[in-house]
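>>> what shape does this take:
(chains A and B)
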Amino acid sequence: MTVARVFSAVVRRELRRAARSQSEALYPLIFFVLAVVLYPFALGPDPTLLAAVAGGVVWVAALLAASLSLDTLFRNDYADGSLELVVLSGAPLAVVALAKAAAHWLLSGLPILLLAVPLALALELGAQTLVILLASLALGSASMSLVGTAVSALTVGLRGGGMLLAMLILPLYIPLLIFGAAATANAALGLGAAAELYFLAGLLVLAITLTPWATAAALRIRMG
Amino acid sequence: MTAGSACLEVRDLRVERGARPLVSGLGFDAAAGALVQLGGANGSGKTSLMRTLAGLVPPAAGTVAWRGAAVAGNPAFQAELAYVGHLSGLSGELDARENLAFQLALARAPRRATIDAALARLDARRFAARPVRQLSAGQRQRVALARLALFDCPLWMLDEPFTALDLATRGLLTALIDEHLDEGGTVLIATHQHFESRHPLTLVELGGTTP
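A predicted model of the protein is given here:
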């Protein structure tokens, strides 16, 4: 089946490339850890204060790290002409886009999720709140990869594309940040976080449905 | 094969870069077995024209049709086109085989040979296991050209294919082109270099429209 073949070919290619140029894949993760670690230096070691802000801190750092790693998503493909060949191959571009987003999540969203565990614990976040933080981050990071792929496709090959990408993408991430941080804050207060998680799940479904088409259209435009 | 004769028809084509006209009022036919050379000085718009003919860029005016249907976003056309552009289309981290395997997985075009056989046609098997980033420009171009032997496409579009190739490989490519024309294929080649083919060549000279 074409869709499955194209999807797995793109994902495997991205993972293989990341394995061969590890530093490029590692920088955003190191940035994520450093960004989180900065907060205790600024706010002081008070455990109650840190526990109160931990969820928001991790969310903001994850958002910044994700937007950093998006810059390289299509840049090399554009520069070496492989994007041109992909467009000319006649492969369904929406499937290519979805696979690119999936690979981005595997290389950025998933490791951030794993790194968030020790970081949140170090910030004195309780175990139950941690579960909610991870659930919200899992849903949110997948949406970040999908929306980010579309914006990355739109800015590929433009001068100053990296900064432009960050400026375009961060406002789009605000809804995710609001619901994600609110879910964690509610859990920290012992309140239910189901509503926020449902919203994040809803946004993810919307992103899966719409962004592959937007990415495909953006890639066609950027060829011209 | 799709209905309609295998013919690329270009009518009243206008190609612009930015707002600058590069080519205007261009018209020609490339039927089965035809060899068409797009010639012209540097900056005369060969690459932009080639990208327009391949359907990557919509024409500013006029039409490009393959088997009677417009080329842009046309899956039947994409399945019959082998395009070797001015960029190699190869990912630097991957080796030649991995790059060609990726192209195979995505392409609508039918496969014609195995990856190793295709690389052998361009004498590129020796360095097929090295990451493309480590190859010289000429070696990279050979891997890019291996696509021509890998797929079974009636229409070839080659943008400066002889760039960086050594004399022996120029011969291999010319032989490949001649063989394709013998089989009734069509070749569009953008180059300002002189090259020898057994087949008659139609020259489309660009330039003169540049301000």
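>>> give me the residue from chain A nearest chain B.
Closest residue of chain A to chain B, CB to the nearest CB: A:Gly81 (2.6 Å). C-betas here are computed from N, CA, C, even on glycine.
>>> wait, that residue sits on B:Ser91?
No - using CB atoms under 8 Å as the test, A:Gly81 is too far from B:Ser91 to be in contact (9.7 Å).
>>> those two: which is more packed in?
B:Ser91 (23 against 19; other CB atoms under 10 Å in any protein chain shown).
>>> give the contact list for the more buried one.
A:Arg13, A:Arg17, A:Asn76, A:Asp77, A:Asp80, A:Ser82, B:Glu98, B:Asn99, B:Phe102, B:Val132 (CB atoms under 8 Å, 6 or more residues apart in numbering or on different chains).
>>> buried ones from those, can you make that a ChimeraX selection?
Filtering the contacts of B:Ser91 down to the buried ones (16 or more other CB atoms under 10 Å in any protein chain shown) takes a single ChimeraX command:
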select /A:13,17,76,77,80,82 /B:98,99,102,132
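>>> which ones among the contacts of B:Ser91 are found in helices?
Counting by DSSP state H, those place A:Arg13, A:Arg17, A:Asn76, A:Asp77, A:Asp80, A:Ser82, B:Glu98, B:Asn99, B:Phe102 in helices.
>>> got the contact list for the first one?
The contact partners of A:Arg13, taken as CB under 8 Å, 6+ apart, are B:Ser91, B:Leu94, B:Glu98, B:Phe102.
>>> residues in contact with the last one?
Contact criterion CB under 8 Å, 6+ apart gives A:Ala9, A:Arg13, B:Ser91, B:Leu94 as the residues in contact with B:Phe102.
>>> redo those as TSV? Include pLDDT and secondary structure.
Shown next, in TSV, are those (pLDDT from 0 to 100; DSSP: H, G, I helix; E, B strand; the rest coil):
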residue	pLDDT	secondary structure
A:Ala9	97	helix
A:Arg13	97	helix
B:Ser91	94	coil
B:Leu94	95	coil
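>>> please report the distance of the residue of chain A closest to chain B from B:Leu188.
From A:Gly81 over to B:Leu188 the distance is 18 Å, taken as CB to CB, to the nearest Å.
>>> can you give me the first-to-last residue distance of stretch A:72-84?
Taking CA to CA, to the nearest Å, stretch A:72-84 runs 16 Å from one end to the other.
>>> any residues touching that stretch, and which ones?
Against stretch A:72-84 from outside (CB under 8 Å, 6+ apart): A:17, A:24, A:86, A:100, A:104, A:148-149, A:152-153, A:156-157, A:161, A:219, A:222-223, B:51, B:56, B:83, B:85-92, B:99.
>>> on that earlier part again, B:Val132 versus the residue of chain A closest to chain B, what's the distance?
On the measure of CB to CB, A:Gly81 and B:Val132 end up 12 Å apart.
>>> and the host helix or strand of B:Val10, anywhere near chain A?
In the assignment (DSSP states H and E), B:Val10 maps to strand B:8-17. No - Strand B:8-17 stays clear of chain A (CB under 8 Å from any CB of the partner chain), getting no nearer than 10.3 Å.
>>> please name every helix or strand in contact with that strand.
On a contact count with 3 or more CB pairs under 8 Å, 6 or more residues apart in numbering or on different chains; DSSP states H and E, strand B:8-17 meets strand B:20-30, helix B:46-53, strand B:61-66.
>>> looking at these, which is nearest to chain A?
Nearest to chain A among the helices and strands packed on strand B:8-17 is helix B:46-53; the distance by CB to the nearest CB comes to 7.8 Å.
>>> let me see the contact set for the residue of chain B found nearest chain A.
In chain B, the residue found nearest to chain A is B:Leu87; the distance is 2.6 Å by CB to the nearest CB. B:Leu87 is in contact with A:Ala79, A:Asp80, A:Gly81, A:Glu84, counting by CB under 8 Å, 6+ apart.
>>> the helices in chain A, which residues?
Counting by DSSP H, the helices of chain A are A:2-20, A:22-43, A:47-70, A:75-80, A:82-89, A:93-104, A:110-122, A:127-155, A:161-188, A:194-223.
>>> out of those helices, nearest to B:Thr114?
Of all the helices of chain A, it is helix A:2-20 that lies closest to B:Thr114, at 17.3 Å by CB to CB.
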